[in-house]
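In: Model the following, please.
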Amino acid sequence: MNYIDEILKYKPINEQEETDKDIILKYIEDYPHNILLRDNQVAHMTSSAIILNKDHTKMLMIHHNIYKTWTWVGGHADGESDMLKLAVKEAQEETGIKDFDVATDIATIDILLVDSHIKKGKYVAPHLHLNVAYVLEAHDDHDLVLNEDETSGLKWVPIEEIDTYSGEPSIIYVYHKMLKKVGIFRDIS
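Out: Just a heads-up that it's a prediction; the model follows:
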């Protein structure tokens, strides 16, 4: 499905998502020529996923080299307009798992602030990720393959421990929204 149609169809679960959805749609309208590209240095589309094992007791987390914390998988659109396809591609590249089941359509929609950092020896200014995210499922007995260009760790973490692994409170909030969508958490902190 076209990413704009998919975002339009998405029903926000709270005021934060309603606001973020409106802002994302405005950015898409204002920057149709480069909203899917990183050369839009203010804001661009990204897609992420949490990967759960089949019985929803563990989440597969990567240790991200730039953010220096355990986190989910995801990446820049780089011209791709199918956000689910992008999330699955990133999950495959960052974990080595090839077979995923899709547990949700868009699970969350968020504007994520990215701090300035150095990537491949080059300065990247602070900017916004206009992010749609999905819940994927995989068997937790798959062989995992570390993508050393981007990550320094890869492991299945018990659901009740994910908050202690992540160093990003704003992303923990997103995890909780996603886990609530699949019936794991009843309340979002």
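
In: Residue 164 and residue 119: what is the separation?
Out: Residue 164 sits 27 Å away from residue 119, going by CB to CB, to the nearest Å. The way it works is simple: take the backbone N, C-alpha and C, and place the C-beta from them, glycine included.

In: doesn't residue 127 make contact with residue 42?
Out: Yes. Between residue 42 and residue 127 there is a contact at 5.9 Å, judged by CB atoms under 8 Å.

In: who has more neighbours, those two?
Out: Per other CB atoms under 10 Å, whichever of residue 42 and residue 127 has more neighbours is residue 127, with 17 against 11.

In: okay, the more buried one: pLDDT?
Out: Reported pLDDT at residue 127 in the predicted model: 96.

In: Can you name the residues that contact it?
Out: 41, 42, 43, 44, 114 (CB atoms under 8 Å, 6 or more residues apart in numbering).

In: what's the answer for residue 163, then?
Out: 172, 175.

In: between the contacts of residue 127, which is closest to residue 88?
Out: residue 44 (19.3 Å; CB to CB).

In: so where does that closest one fall, helix or strand?
Out: strand 43-53 (DSSP states H and E).

In: any idea which helix or strand comes after that strand?
Out: Downstream of strand 43-53, the first helix or strand assigned by DSSP H and E is strand 58-64.

In: Show me what the helix or strand bottoming out on mean pLDDT in the chain is packed up against.
Out: Within the chain, confidence by mean pLDDT, DSSP states H and E is lowest for strand 117-119 among all helices and strands, at a mean of 88. Other helices and strands packing on strand 117-119, by 3 or more CB pairs under 8 Å, 6 or more residues apart in numbering; DSSP states H and E, are strand 122-124.

In: now the strand it packs on: how far from the chain's centre is it?
Out: 21 Å (CA atoms, centre = their mean, to the nearest Å).

In: average pLDDT for that strand?
Out: Averaged over strand 122-124, pLDDT sits at 92.

In: Residue ranges in this structure under the pLDDT threshold?
Out: 185-189 (pLDDT under 70).

In: need the helices for it, in chain order.
Out: For the chain, the helices defined by DSSP state H occupy 3-9, 15-30, 83-95, 162-165, 169-181.

In: Compare those helices and give me the one nearest residue 56.
Out: Of the helices of the chain, nearest to residue 56 by CB to CB is helix 169-181, at 8.2 Å.

In: Now do that closest one: which elements does it pack against?
Out: strand 43-53, strand 108-114, strand 127-138, helix 162-165.
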